[in-house]
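In: generate coordinates for the sequence data below:
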Amino acid sequence: MIQSLLIYPFRYGNGPDDALPLEDNGDYTRDVGYLNIRNYSTDFESDNFLNNIWYQPEEIFPVDGTPEERQHVFWVPVEKHCFNLAKTLKSLTLEGCLNATTCLSTPPKVTTVERGTSASIYLDNAAYRSFIYDKFNISPVEMESAAVALISYQQRVPFIVIRALSDLAGGGEHSNEVDTFITLAANNSVKAAVEFIKLLSSPERIASSIRI
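Out: Residues are numbered from 1 along each chain as shown. Below you'll find the predicted structure:
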């Protein structure tokens, strides 16, 4: 899980080999990678004043770290045993219809993913959706969970994210489906979360998960 909107818009004319201001102080880095706006222009013969956008890790102060000594983190891992428990929910039946006439084109299912992201943007753009998948292997995109992940990581509290996707982030055939399916997604998310909590209260299932 990452927060993918901590970015550094680069000065026009500078390239990937040019250091970012304050990079030597550890404030910014080119280690994560960048988005070249020019690659998504409709006129590929011209440059773009927006240049490159460099992605940045978050600054954290772990509870078990040295006081006032910052650390940086880009990827925050979920708790392994919780992740193993979540895998057992793949057989859970989810609702696919709002009513007799309004249904998802593909039956919904529970799945686990390698990487997800959240940021303070609502993503409805297929080009950017494809970019973050190709660049970071990110599939689900939402707006809240990275905040929880970062605080949990900083405080060394185990966490896992359970979300239901209401739309295809700009990749659908028609206009964004969120207005239609947001309630269905919320209900399915609650259903999965409730079943997951039941697993947490079962010592047998936890022991089985740890052995995986």
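In: rest of the way, CA atoms for contacts and neighbours
Out: Will do.
In: what residue ranges in this protein score low on pLDDT?
Out: 202-212 (pLDDT under 70).
In: grab the CA positions of the helix or strand hosting Thr183 and hand them over as CSV.
Out: Using DSSP states H and E, Thr183 falls within helix 178-200. This file holds the C-alpha atoms of helix 178-200, laid out as CSV (Å, rounded to 0.1, in the frame of the first residue of the first chain):
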residue,chain,number,x,y,z
VAL,A,178,-19.6,4.9,-9.4
ASP,A,179,-22.9,6.8,-9.2
THR,A,180,-24.7,3.5,-10.0
PHE,A,181,-22.7,1.0,-8.0
ILE,A,182,-21.3,2.8,-5.0
THR,A,183,-23.9,1.5,-2.6
LEU,A,184,-23.5,-2.0,-3.9
ALA,A,185,-19.7,-1.7,-3.4
ALA,A,186,-20.1,-0.4,0.2
ASN,A,187,-22.5,-3.3,1.1
ASN,A,188,-20.1,-5.9,-0.3
SER,A,189,-17.2,-4.3,1.5
VAL,A,190,-19.1,-4.5,4.8
LYS,A,191,-20.0,-8.1,4.1
ALA,A,192,-16.4,-9.1,3.5
ALA,A,193,-15.2,-7.2,6.6
VAL,A,194,-17.7,-8.8,8.9
GLU,A,195,-16.7,-12.3,7.7
PHE,A,196,-13.0,-11.4,8.2
ILE,A,197,-13.7,-10.2,11.7
LYS,A,198,-15.3,-13.6,12.4
LEU,A,199,-12.0,-15.3,11.3
LEU,A,200,-10.1,-13.1,13.7
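In: list the buried ones in it?
Out: When burial is assessed from 16 or more other CA atoms under 10 Å, helix 178-200 yields the following buried residues: Val178, Phe181, Leu184, Ala185, Asn188, Ser189, Lys191, Ala192, Ala193, Phe196, Leu199.
In: the strands in the protein, which residues?
Out: 2-3, 7-9, 34-36, 52-55, 58-60, 71-73, 117-118, 141-142 (DSSP state E).
In: give me the sheet partners of the first one and which way each runs.
Out: Put plainly, it is strand 2-3. Applying DSSP bridges, strand 2-3 is found paired with strand 117-118 (parallel).
In: can you give me how far the strand it pairs with is from the chain middle?
Out: 3 Å (CA atoms, centre = their mean, to the nearest Å).
In: which residues are in contact with that strand?
Out: Met1, Ile2, Gln3, Ser4, Ile138, Pro140, Val141, Glu142, Met143, Glu144, Ser145, Ala146 (CA atoms under 8 Å, 6 or more residues apart in numbering).
In: give me the spatial nearest neighbour of Pro67, chain neighbours excluded.
Out: Phe61 (7.4 Å; CA to CA, 6 or more residues apart in numbering).
In: ok, how many other residues are close to that neighbour?
Out: When counting by other CA atoms under 10 Å, one arrives at 17 neighbours for Phe61.
In: and the helices in the protein?
Out: 80-87, 126-136, 145-155, 178-200, 203-211 (DSSP state H).
In: list the buried residues in the third one.
Out: Of the residues in helix 145-155, those with enough neighbours to count as buried (16+ other CA under 10 Å) are Ser145, Ala146, Ala149, Leu150, Ser152, Tyr153, Gln154.
In: any idea how far the nearest residue to the fourth one once chain neighbours are set aside lies from Pro9?
Out: In this case it means Leu150. Distances taken as CA to CA, 6+ apart put Val76 closest to Leu150, at 6.9 Å, once the chain neighbours are dropped. According to CA to CA, to the nearest Å, Val76 stands 23 Å off from Pro9.
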